[in-house]
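Asker: any chance you could fold what I've pasted below:
(2 chains)
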Amino acid sequence: METYLEVRWHGRAQQGMVTAAKVLGEACLIAGKYVQAFPEFGPERMGAPVRAYNRISDAPIRLHSQVTNPRYVLIADPTLIGVAGVTDGAPDDAVFIVNSPKSAKEMRQELGLGGKSPKVYTLDASKISLETIGRLMPNTPLLGALAKTTGIVTLDALIGNFKENYSKKFPPKVIEGNVAAMRRAYEEVKGE
Amino acid sequence: MAVTAHTKKAALTGNTAVAIAMKQINPDVYPAYPITPSTGIVEDFSGFVADGSVDTELITVESEHSAMSACIGASAAGARVMTATSSQGLALMWEMLYIASGMRLPIVIADVNRALSAPINIHCDHSDSMGARDAGWLQLYAETVQEAYDNVFMAMRIAENAKVMLPAMVCMDGFITSHAIENLDLLSDEEVRGFVGEYKGRNSLLDTDNPVTWGAMVLQDHYITFKHQQSEAMTRAKGVAAGVMKEFGEKFGRPYGLIDAYRLEDAEAAIVIMNSAAGTTKVVVDDLRKQGKKVGVLRLRLFRPFPFKEIADALRGVKVVAVLDRADSMNSFGGPLFNELRSALYDLDNRPKVMSRIYGLGGRDYKVKDAVEVFEELLNISKTGKIDTMTKYITL
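Answerer: Okay, the predicted model is just below:
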């Protein structure tokens, strides 16, 4: 089988999961990777569970099926745990990054992973986003946490892409807020 | 959208890529009635109009029937015309599709493939464009975002060729391609202008010095003559398409053909499939080849006109073939691609055994394991010489 890094994002509609996958894909593009970023839409209504996916590779990606065995799982809304199949298909070496004020140890229990090997990280992405962006946007801090805990993308690439691609769309204050959110998440994410 | 300042590399959704292709073509008229999952194309394009980056007249209409009617009127007036739609939208254009092709108007539309109601569903299958297969439109299909983007330019050139003069539909998979961000290389605006050129409509309604009548009634005396000419144009379109695709490859380094034959040279078993699922199937072919199994994929890029000779040549020597349709003809004898492809093989001396499998309707995922199962069944048939079930739904 061809080798890809596969990422699954869990959140609710309006929490920016599709955008998070997009921003990660763009940052990886700048780093010279081949990328896919795609959403899985169900009924289109606010608050509905949403999944988004990334595949990242050094070679062109031909696979066009859903990601079913994600190495990296990011959960923007902890109320989805136990109801949205967030651990489905995750392999033994999976990495979970969860928006939660709880410790990684507590989160491991909550996810029902028991003593299995997956790495679990937590950060209070909601709080970080409120204090930096001024809005509840847990997706941006999760990107910073992803840069810290995995080798998928560097914080510099994330910030560089954000400044390059979004400065036309957003005023400087929004750009600064998002960059600060990524930096803080990078510092604050903790795991086991 | 991401287009890096460092390279011409971009990471865009299929919808945005197609909208950019349309921007680079800068059509004269764009009747717009958005529908999921093609909405992104209309959304992005209307942004280009608002920003003044195109000269296009965007006409917001009240239905897809009106969108296609406006396309026809504008095209008959000599304009270069484009739009986008999906599913029920294409279905509502139905009677106007035949008028566009019968009047030989080279309108180019993007059809983002989506299932037809009922039950209501927004996700991918090919029922919409397959249903329009007899409407006299050229149809191009794309595996990737890159190819969807490239096909827009090729479709325009083929449609507007004086030997063809037929409308064209550029198809890509709803959500899987339309909403997926993938890497692609963009052409420069100059490259696009050089390739597509200027369009000069003939017998324009706006040429009041030389008034003409369009769409007059033609009865037993000439109707069949018109249809014969239309049919001849569709036949000529195949050669024109081959030429345009070759030229595109030579100019921009991305070679395309009417079909995409993947590892078929010595294949014993083959899957024939269209659009994004072909990529997944190619991954499986590489895996099975490593295990010594002689398998391959045939993907059609052009469905109208149907490249029957090229298909027969590519599958000559293959023992068993599964045609995977993402649409059903509801005829109890397999999908549309299966029926036409099997007919195309009829005159081969040693024709392969061919079976029909319907997959992925309404966006049902087509996974690696699905392709593996089909190949295993094919290789088994190759040994026994016997097909147990000619027509079957998979991915259920």
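Asker: right, is stretch B:115-128 up against chain A?
Answerer: Yes. Shown here: stretch B:115-128 in contact with chain A (C-beta under 8 Å from any C-beta of the partner chain) through residue B:122. In this view, the C-beta of every residue, glycine as well, is placed from N, C-alpha and C.
Asker: what sits up against that stretch?
Answerer: Contacts with stretch B:115-128, where a contact means C-beta atoms under 8 Å, 6 or more residues apart in numbering or on different chains, come from A:41, B:36-37, B:86-88, B:90-91, B:111, B:113-114, B:131, B:171, B:173-176, B:274-276, B:325-328, B:360-363.
Asker: what does chain B have sitting close to chain A?
Answerer: B:1-2, B:4-6, B:9-11, B:122, B:143, B:173, B:175-177, B:179-183, B:276-277, B:279-280, B:282-283, B:286-287, B:365-368.
Asker: can you turn the buried part of these into a ChimeraX selection?
Answerer: Selecting only the buried entries of these in ChimeraX, with 16 or more other C-beta atoms under 10 Å in any protein chain shown as the criterion:
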select /B:1,2,4,9,10,11,122,143,173,175,176,177,179,180,181,182,183,276,277,279,280,282,283,287,365,366,367,368
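Asker: which of the residues of chain B next to chain A fall in helices?
Answerer: Among those, DSSP state H puts B:277, B:279-280, B:282-283, B:286-287, B:368 in helices.
Asker: which one of those residues is nearest residue A:22?
Answerer: Residue A:22 lies nearest to residue B:279 out of those, by C-beta to C-beta, at 20.3 Å.
Asker: looking at the ones in helices among the residues of chain B next to chain A, spot the one nearest residue A:89.
Answerer: Checking those against residue A:89 with C-beta to C-beta, the nearest one is residue B:368 at 13.2 Å.
Asker: name the nearest residue to that closest one, sequence neighbours excluded.
Answerer: Nearest residue to residue B:368, sequence neighbours excluded (C-beta to C-beta, 6 or more residues apart in numbering or on different chains): residue B:284, at 5.6 Å.
Asker: from residue B:152, how far out is that neighbour?
Answerer: For residue B:284, the distance to residue B:152 equals 29 Å [C-beta to C-beta, to the nearest Å].
Asker: next one: residue A:108
Answerer: Between residue A:108 and residue B:152 the distance is 49 Å, computed by C-beta to C-beta.
Asker: residue 83 - how many residues pack around it?
Answerer: Defaulting to chain A. Residue A:83 is flanked by 8 other residues according to other C-beta atoms under 10 Å in any protein chain shown.
Asker: the intended chain is chain B.
Answerer: Per other C-beta under 10 Å, the neighbour tally for residue B:83 reads 31.
Asker: where does the prediction get shaky in the chain?
Answerer: Defaulting to chain A. Counting by pLDDT under 70, the ranges of chain A that qualify are A:1-2, A:43-44.
Asker: not quite, I wanted chain B
Answerer: Those would be B:1-8, if you go by pLDDT under 70 across chain B.
Asker: where is the longest helix in it?
Answerer: As assigned by DSSP H, the longest helix anywhere in chain B is helix B:223-252.
Asker: following element in sequence after it, please.
Answerer: strand B:259-262 (DSSP states H and E).
Asker: that following strand packs against which elements?
Answerer: helix B:277-290, strand B:295-300, helix B:308-315 (3 or more C-beta pairs under 8 Å, 6 or more residues apart in numbering or on different chains; DSSP states H and E).
Asker: what are the pairing partners of that strand, and which direction each?
Answerer: Strand B:259-262 pairs in its sheet with strand B:295-300 (antiparallel), by DSSP bridges.
Asker: what comes up buried for the partner strand?
Answerer: Buried residues in strand B:295-300, counted by 16+ other C-beta under 10 Å: B:295-300.
Asker: so residue A:108 and residue B:152 - more neighbours on which side?
Answerer: Ranked by neighbour count (other C-beta under 10 Å), residue A:108 and residue B:152 place residue B:152 first, with 25 against 22.
Asker: just checking, the more buried one is part of a helix?
Answerer: Yes. Looking at residue B:152 with DSSP: H, G, I helix; E, B strand; the rest coil, it is inside a helix.
Asker: strands along chain A, start to end?
Answerer: Secondary structure of chain A, counting by DSSP state E: strands at A:5-12, A:34-40, A:49-57, A:72-75, A:95-99, A:119-123, A:190-191.
Asker: contacts for the fifth one, please.
Answerer: Read that as strand A:95-99. Under the contact criterion C-beta under 8 Å, 6+ apart, strand A:95-99 has outside partners A:71-78, A:81, A:86-87, A:90, A:107, A:111, A:113, A:118-126, A:138, A:141-142, A:145-146, A:149-150, A:189, A:191.
Asker: likewise the last one?
Answerer: Counting by C-beta under 8 Å, 6+ apart, the neighbours of strand A:190-191 from elsewhere in the structure are A:97, A:103-104, A:119-123, A:149.
Asker: list only buried entries from those residues.
Answerer: By neighbour count, with 16+ other C-beta under 10 Å, the contacts of strand A:190-191 hold A:97, A:104, A:119-123, A:149 as buried.
Asker: farthest pair within the residues you listed?
Answerer: A:119 and A:123 (13.7 Å).
Asker: next, the angle from the lengthiest helix in chain A to strand A:95-99.
Answerer: Secondary structure of chain A read by DSSP H shows that its longest helix is helix A:172-188. For helix A:172-188 against strand A:95-99, the angle by axes from the mean of the first three to the mean of the last three C-alpha atoms, to 10 degrees is 130 degrees.
Asker: tell me the spacing between residue A:117 and residue B:65.
Answerer: Relative to residue B:65, residue A:117 is positioned 58 Å away (C-beta to C-beta).
Asker: cool, residue B:103 as well?
Answerer: From residue B:103 over to residue B:65 the distance is 16 Å, taken as C-beta to C-beta.
Asker: show me what the longest helix of chain A is packed up against.
Answerer: Against helix A:172-188 (3+ C-beta pairs under 8 Å, 6+ apart) you get helix A:125-132, helix A:139-149, helix A:155-166.
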